[in-house]
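A.B. asks: What shape does this take:
(one chain, ligands or ions: 2)
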Amino acid sequence: MEYDVFIIGSGVAGRYVAKTCAQAGLTVAIADNREYGGTCANRGCDPKKIVMGPTEVYDLADNLEGKGVAKLPKLSWKKNQKFKKRFTDKVPPGIENKLKDLGVTLYHQSPKFLDKNTLLVEGKTIKAKKIVIATGQIPRSLDLDGAKFLRTSDDFLKLKKMPKSMIFIGAGYVGLEFAHMATRYGCKVTVVDRGERALDAFDADLASELVRVSEEMGIKFIFNSEIKNIEKLSENYRVNYKQGNNNEKIKARLIFNTAGRVPAIDALNLDKGEVTFSEKGVTVNKYLQNTSNEDVYACGDVSSHSVPLTPLSGIEAKVVSENIISGNKEEIDVPLVPSAVFTIPNLAMVGLSEAEAKKRYKNVIVKHEFPSKWYNVKRSNEKAYGYKIIINKRTNEIIGAHILGPHASETINLFTLAINLKLTTEAVKKMIFIYPSWSNDVKRMLY
Ligand SMILES: Cc1cc2nc3c(=O)[nH]c(=O)nc-3n(C[C@H](O)[C@H](O)[C@H](O)COP(=O)(O)OP(=O)(O)OC[C@H]3O[C@@H](n4cnc5c(N)ncnc54)[C@H](O)[C@@H]3O)c2cc1C
Ligand SMILES: NC(=O)c1ccc[n+]([C@@H]2O[C@H](COP(=O)([O-])OP(=O)(O)OC[C@H]3O[C@@H](n4cnc5c(N)ncnc54)[C@H](O)[C@@H]3O)[C@@H](O)[C@H]2O)c1
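C.D. replies: Ligands and ions are numbered 1, 2, ... in the order given. Sure, this is the predicted structure:
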């Protein structure tokens, strides 16, 4: 059997390549060893936001309890799961049918490289002129006694009921978002991290304020701790850890591994395909082509070039498709990538951090405040609101923005526009935004 293109992985990256190559008249096959549709649609961004929905309502009500809200809403995990399934159940068949309609051949197993252009899948030996690796990332395995007792974010999103207590190992994106969801669904949550702070990709001052409000909500944080092992007790699991010279322990009904994600490449026999890789993923050049096997491309979270976020996976897939269809014509040009942790309040950022800006530019203005007296904060009785805006003093251009607060995942997009368009603070301040709106605060952040 022979194809022009064989794609491994049907997430946002892989299925885009399959679709565009098939539409361009190439013979295409794709394989996935799990349900079709990948992380974002089945067990990541999309279902997560559905599970979060009721917690957003809860938080709004909680802020205004006694100020017009007489009674806090009661959240139903079970009913929300039913609602979520209305979306996720449709994903795999919907994607499979769309690909089949385009004439793409579908496989449901992990292929293994036999040589540079040959794969073995479902017992068939398959030749392909081009092979695209788009297998994404999987949770990092923790080398611990009792690691088999750890759950992942996939398991969280499918829980039949919310347990009484949980521990998250890892205070990153997944750990914090899921800790916030679980707490508002009534679970007692502890987050343990080996580092000294949460969310080290984000501004330290704003992340520390987020930890403060999270603690007020009842989440317990344990930093600088080295996990020793996990034990199964009768009803609970116990995490034994070391903090400084002290041996400590905590227990909960469920323990989740949220200690980061690594490229999903182990099953592919990359050595046989002469495909180079590192801990960052499949090594690619500016055409997203493997640096050793020129007939192999990689895109999405698994590529060494990637920031593991959905929009960038889509952009990489576009580059790979065009390079396969028209020869290597398109180089990857990573745009400005905004990012948000969907805790409530959100923590969002785009552009340079304070430290990066100070390293790159001679004179930098930092506008940083936790403005508890602004009208929006007071009318909604918000628990936390803060910002740090970084400006190049010479040009007055905005070069970085960091916001903690309601809808920060939305307002940060205004800063993405401003930075991309090289807008000065004066240019933004001259514009009229809707009043009263959270976006209107953006102008005030620049004074
Ligand atoms: C809990 C969670 C929440 C997230 N929330 C956000 C968010 O809010 N916003 C955001 O931008 N990003 C978010 N992300 C990241 C986002 O999901 C990824 O960046 C995106 O899904 C990557 O797309 P991809 O196509 O590269 O990989 P994936 O979507 O992971 O697809 C890879 C596919 O390859 C398959 N595969 C793996 N190994 C093999 C193999 N050996 N053989 C065959 N198939 C294989 C997998 O089954 C999967 O279907 C989140 C991630 C997680 C885990
Ligand atoms: N909202 C979003 O856009 C979103 C949401 C979820 C995930 N993601 C993507 O997925 C990626 C992975 O997210 P993540 O939360 O899994 O990883 P992460 O890298 O954000 O956080 C991992 C955390 O685990 C800690 N850790 C690592 N090993 C540990 C150990 N042995 N013991 C204790 N702590 C340990 C690290 O110190 C770190 O704080 C992110 O980088 C992001 O790109 C994005």
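
A.B. asks: now stretch 58-66: mean pLDDT?
C.D. replies: Average pLDDT, stretch 58-66: 98.

A.B. asks: Name the residues that touch that stretch?
C.D. replies: Contact with stretch 58-66 is made by 69, 72-73, 75, 184, 344, 380-383, as judged by Cβ atoms under 8 Å, 6 or more residues apart in numbering. Every C-beta, even on glycine, is put in place using the N, C-alpha and C of the backbone.

A.B. asks: Quick one: buried ones out of these?
C.D. replies: Among those, those scoring as buried are 75, 184, 344, 380, 382-383 (criterion: 16 or more other Cβ atoms under 10 Å).

A.B. asks: List just the nearest of those to ligand 2.
C.D. replies: Distances from ligand 2 to the buried ones among the contacts of stretch 58-66, taken as Cβ to the nearest ligand atom, are shortest for residue 344 (12.7 Å).

A.B. asks: can I assume that closest one is in contact with residue 180?
C.D. replies: Yes: look at residue 344 against residue 180 with Cβ atoms under 8 Å: they come within range, at 5.9 Å.

A.B. asks: so what sits against both of these two?
C.D. replies: 52, 55.

A.B. asks: And the helices in the stretch 251-400 of the chain?
C.D. replies: Taking DSSP state H, counting those that start in this stretch as the criterion, the stretch 251-400 of the chain contains helices spanning 310-326, 354-360, 375-379.

A.B. asks: Now render those as a markdown table, adding mean pLDDT and mean neighbour count.
C.D. replies: Shown next, in a markdown table, are those (pLDDT from 0 to 100; neighbours: other Cβ atoms under 10 Å):
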| stretch | mean pLDDT | mean neighbour count |
| --- | --- | --- |
| helix 310-326 | 97 | 21 |
| helix 354-360 | 98 | 14 |
| helix 375-379 | 97 | 15 |
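
A.B. asks: Relative to ligand 1, which of those helices is closest?
C.D. replies: The closest of the helices of the stretch 251-400 of the chain to ligand 1 is helix 310-326. By Cβ to the nearest ligand atom, the value is 3.6 Å.

A.B. asks: okay, that closest one in PDB with CA atoms only?
C.D. replies: The C-alpha trace of helix 310-326 is given here as PDB (Å, rounded to 0.1, in the frame of the first residue of the first chain):
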ATOM      1  CA  THR A 310      -3.900  25.000  20.100                       C
ATOM      2  CA  PRO A 311      -3.700  28.100  17.900                       C
ATOM      3  CA  LEU A 312       0.100  27.500  17.300                       C
ATOM      4  CA  SER A 313      -0.600  23.900  16.400                       C
ATOM      5  CA  GLY A 314      -3.000  25.100  13.700                       C
ATOM      6  CA  ILE A 315      -0.400  27.600  12.300                       C
ATOM      7  CA  GLU A 316       2.300  24.900  12.200                       C
ATOM      8  CA  ALA A 317      -0.100  22.500  10.400                       C
ATOM      9  CA  LYS A 318      -0.700  25.100   7.700                       C
ATOM     10  CA  VAL A 319       3.100  25.500   7.100                       C
ATOM     11  CA  VAL A 320       3.500  21.700   6.800                       C
ATOM     12  CA  SER A 321       0.600  21.300   4.400                       C
ATOM     13  CA  GLU A 322       1.900  24.100   2.100                       C
ATOM     14  CA  ASN A 323       5.400  22.600   2.200                       C
ATOM     15  CA  ILE A 324       4.100  19.200   1.300                       C
ATOM     16  CA  ILE A 325       1.800  20.400  -1.400                       C
ATOM     17  CA  SER A 326       4.100  23.000  -3.100                       C
END
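
A.B. asks: Can you name every helix or strand that it contacts?
C.D. replies: Secondary-structure packing of helix 310-326 (3 or more Cβ pairs under 8 Å, 6 or more residues apart in numbering; DSSP states H and E): helix 12-23, strand 124-133, strand 296-298.

A.B. asks: sorry, back to before: TSV for the helices of the stretch 251-400 of the chain, including distance to residue 90?
C.D. replies: Below are the helices of the stretch 251-400 of the chain laid out as TSV (distance: least, Cβ to Cβ, whole Å):
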stretch	distance to residue 90
helix 310-326	18
helix 354-360	42
helix 375-379	37
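
A.B. asks: got the ones you listed as TSV, with distance to ligand 1 columns?
C.D. replies: Formatted as TSV, the helices of the stretch 251-400 of the chain follow (distance: least, Cβ to the nearest ligand atom, whole Å):
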stretch	distance to ligand 1
helix 310-326	4
helix 354-360	21
helix 375-379	24
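
A.B. asks: follow-up on the earlier one: would you mind finding the most buried of the helices and strands packed on helix 310-326?
C.D. replies: Using mean count of other Cβ atoms under 10 Å, the stretch among these with the largest mean neighbour count is strand 296-298, at a mean of 29.

A.B. asks: residues contacting the residue in the stretch 1-150 of the chain that ligand 2 sits nearest to?
C.D. replies: Here the stretch 1-150 of the chain gets closest to ligand 2 at one residue, residue 142, 5.5 Å apart by Cβ to the nearest ligand atom. Residue 142 makes contact with 150, 169, 227, 257, 259 under the criterion Cβ under 8 Å, 6+ apart.

A.B. asks: and the closest residue to the third one other than its chain neighbours, what helix or strand is that in?
C.D. replies: Ranked by Cβ to Cβ, 6 or more residues apart in numbering and with sequence neighbours excluded, the top spatial neighbour of residue 227 is residue 241, at 4.9 Å. Assignment of secondary structure by DSSP states H and E places residue 241 within strand 237-243.
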